[in-house]
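Asks: Need coordinates for the below:
(one chain, ligands or ions: 1)
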Amino acid sequence: MKIWLDGRVVDGKEARVSVLDHGLLYGDGVFEGLRVYGRRVFRLEDHLKRFATSAKAICLELPGGIDAARDIVLETARAFGADEAYVRLIATRGEGPLGIDPTHCREPRLICIADRISVYPESKRRAGMDLLTSSLRQPPADARDPRVKSLGYLNNALARLEARQRGGDEALLLNATGAVCEVSVANVFAVRDGALLTPPGTDGALEGITRATVLELAGSLGIPAREQTLGRFDLFAANEVFVTGSAAGLVPIRSLDGRPIGNASPGPIYEKIREAFLEAAPSRGTAL
Ligand code: PMP
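Replies: Numbering: from 1, shown residues only. Got it, this is the predicted structure:
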C-alpha cells in the first residue's frame, strides 16, 4: 500500500494524521474510489469532477483544485506500481479544535491511498450475492444528500453490518418512500422484460461512474437502458439484478430477502455487460 500525505508518498504503515482532523472527529470530508485497469486510471476526469462537486456541495475548498488532485492520484498510483489497483482520494476539513464549527479548520487535508481491494468474496462474485433489505433508510436529499460522496458512511456501514448479522451478503437501502436507492457500496440494476433499469440519483443513489459506464455500454450493445424508480417488487419480479461500483466491480445478485432472482445467476444480460465492461475499461483511462 502507498499513501500520499503532506506532499509525499510513503508506505502504508508510515502515514499518520492528527486525531483532531474533523474528517475523523465528525466525518467532515469527501472522497472518491477509483480503479486502475491495465495501468490506466479509469475515468479519472469523471472522478475528479464528482470529487470537486462533492467538495463544493459541502463548502470545502480543495487545496490546489482539481489539478493538484489529479497529480496526487497519478503520483500515488505510479508509486504503488501495480497494473491493477484501487485508489482512494480523500479531502478532509482538516485539523481544528474540538467543536464542530468548520470555520475553525484552516486547511483542508488531501490524502490518497493506492492498494488492492476486495469488497466481496470471490465465490459470491461468481455465484451471486444474497441481498437483505435494510431496516435503515437512506437519508433524504434535504438531510445528507446521498449524491455527495461524503466521509459519513455510518448508515451504509450499519446497513452492511445488519445484513451480515442476518446471514446476507449485502444490504439493500430504500429511501423514506420505500423506493430502491442502492446497496451499501454500489448501485443497483434490474433487468425486466429485456430492459436494464436503475434508480435515478434523485431517489437517493450516488450517481456512480461504473453505473454511467454500464448505461453507456448497454446502449452500444442494443440493450434498452434507463433510469426508473424501482420498488422491492420490481427486484422480485426482475429476471436479473446486479450491482456496480468502482471497488465492487459488477456483481450478480441471486436473491433478495430469500426470494431467488430470475432463473439463473449470473444472468445473460449481466454476462454480456460484464464482458463489454472488462473489454472497454482499460481503454477508458488516463495512463500512469
Ligand atoms: N453507491 C455508493 C453508496 C457507493 O459508495 C459507491 C462506490 N463509490 C457506488 C454507489 C458506486 O459508485 P462508483 O461506480 O462511482 O464507484
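Asks: so how far is Phe236 from the spatially closest residue to Glu240 that is not a sequence neighbour?
Replies: Sequence neighbours aside, Gly267 is the residue nearest to Glu240 in space, at 3.4 Å (criterion: Cβ to Cβ, 6 or more residues apart in numbering). Placement of C-beta: from N, CA and C, glycine included. Gly267 sits 15 Å away from Phe236, going by Cβ to Cβ, to the nearest Å.
Asks: if you count what's nearby, which of those two comes out ahead?
Replies: Between Gly267 and Phe236, Gly267 has the larger neighbour count (other Cβ atoms under 10 Å), namely 22 against 15.
Asks: pretty sure that one contacts Ile253?
Replies: No - counting by Cβ atoms under 8 Å, Gly267 stays clear of Ile253, with 9.7 Å between them.
Asks: Which neighbours do the two have in common?
Replies: Residues touching both Gly267 and Ile253 (Cβ atoms under 8 Å, 6 or more residues apart in numbering) are Phe242.
Asks: Quick one: residues contacting the residue sitting furthest away from the middle of the chain.
Replies: The C-alpha centroid of the chain is most remote from Pro97, which lies 30.7 Å away (Cα atoms, centre = their mean). By Cβ under 8 Å, 6+ apart, the contact set of Pro97 is Leu20, His104.
Asks: now swap in Thr210 and tell me
Replies: Taking Cβ under 8 Å, 6+ apart as the test, what Thr210 contacts is Ala186, Asn187, Thr244, Gly245, Ser246, Ala248, Gly249, Leu250, Phe277.
Asks: one more time with 10 Å
Replies: Residues near Thr210 by Cβ atoms under 10 Å, 6 or more residues apart in numbering: 33, 35, 42-43, 186-187, 243-250, 277, 281.
Asks: related to what we said a few turns ago, now the residue farthest from the centre of the chain, what's its secondary structure?
Replies: coil (DSSP: H, G, I helix; E, B strand; the rest coil).
Asks: Now Thr244: which helix or strand?
Replies: strand 240-245 (DSSP states H and E).
Asks: now check that strand, is it near the ligand?
Replies: Yes - using Cβ under 6 Å from any ligand atom, strand 240-245 comes into contact with the ligand via Thr244, Gly245.
Asks: Which is the succeeding secondary structure element to that strand?
Replies: Moving toward the C-terminus from strand 240-245, the next helix or strand (DSSP H and E) is strand 249-256.
Asks: So what are the sheet partners of that next one and their directions?
Replies: Sheet pairing of strand 249-256 (DSSP bridges) gives strand 129-137 (parallel), strand 240-245 (antiparallel), strand 259-260 (antiparallel).
Asks: out of those strands, deepest packed?
Replies: Of all the strands paired with strand 249-256, strand 240-245 carries the top mean neighbour count, a mean of 26, counting by mean count of other Cβ atoms under 10 Å.
Asks: mind exporting that strand as PDB, just the C-alpha atoms?
Replies: Extracted in PDB, the C-alpha atoms of strand 240-245 (Å, rounded to 0.1, in the frame of the first residue of the first chain):
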ATOM      1  CA  GLU A 240     -31.700 -10.300 -13.200                       C
ATOM      2  CA  VAL A 241     -30.400  -8.000 -10.600                       C
ATOM      3  CA  PHE A 242     -26.700  -6.900 -10.300                       C
ATOM      4  CA  VAL A 243     -24.800  -4.200  -8.500                       C
ATOM      5  CA  THR A 244     -22.000  -2.000  -9.800                       C
ATOM      6  CA  GLY A 245     -19.200   0.100  -8.200                       C
END
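Asks: Identify the residue spatially nearest to Glu61, adjacent ones excluded.
Replies: Ranked by Cβ to Cβ, 6+ apart and with sequence neighbours excluded, the top spatial neighbour of Glu61 is Pro108, at 6.4 Å.
Asks: how close does the residue farthest from the centre of the chain sit to Val30?
Replies: For Pro97, the distance to Val30 - Cβ to Cβ - is 22 Å.
Asks: again with Ala57
Replies: According to Cβ to Cβ, Ala57 and Val30 sit 8 Å apart.
Asks: Neighbour count: the two, which is higher?
Replies: With neighbours defined as other Cβ under 10 Å, Ala57 and Val30 compare such that Val30 has more, 27 against 14.
Asks: Now do the helices in the stretch 51-200 of the chain.
Replies: Using DSSP state H, counting those that start in this stretch, the helices of the stretch 51-200 of the chain run over 65-80, 122-127, 154-165.
Asks: which stretch among those helices comes nearest Tyr26?
Replies: Shortest distance between Tyr26 and the helices of the stretch 51-200 of the chain, using Cβ to Cβ, is found for helix 154-165: 11.3 Å.
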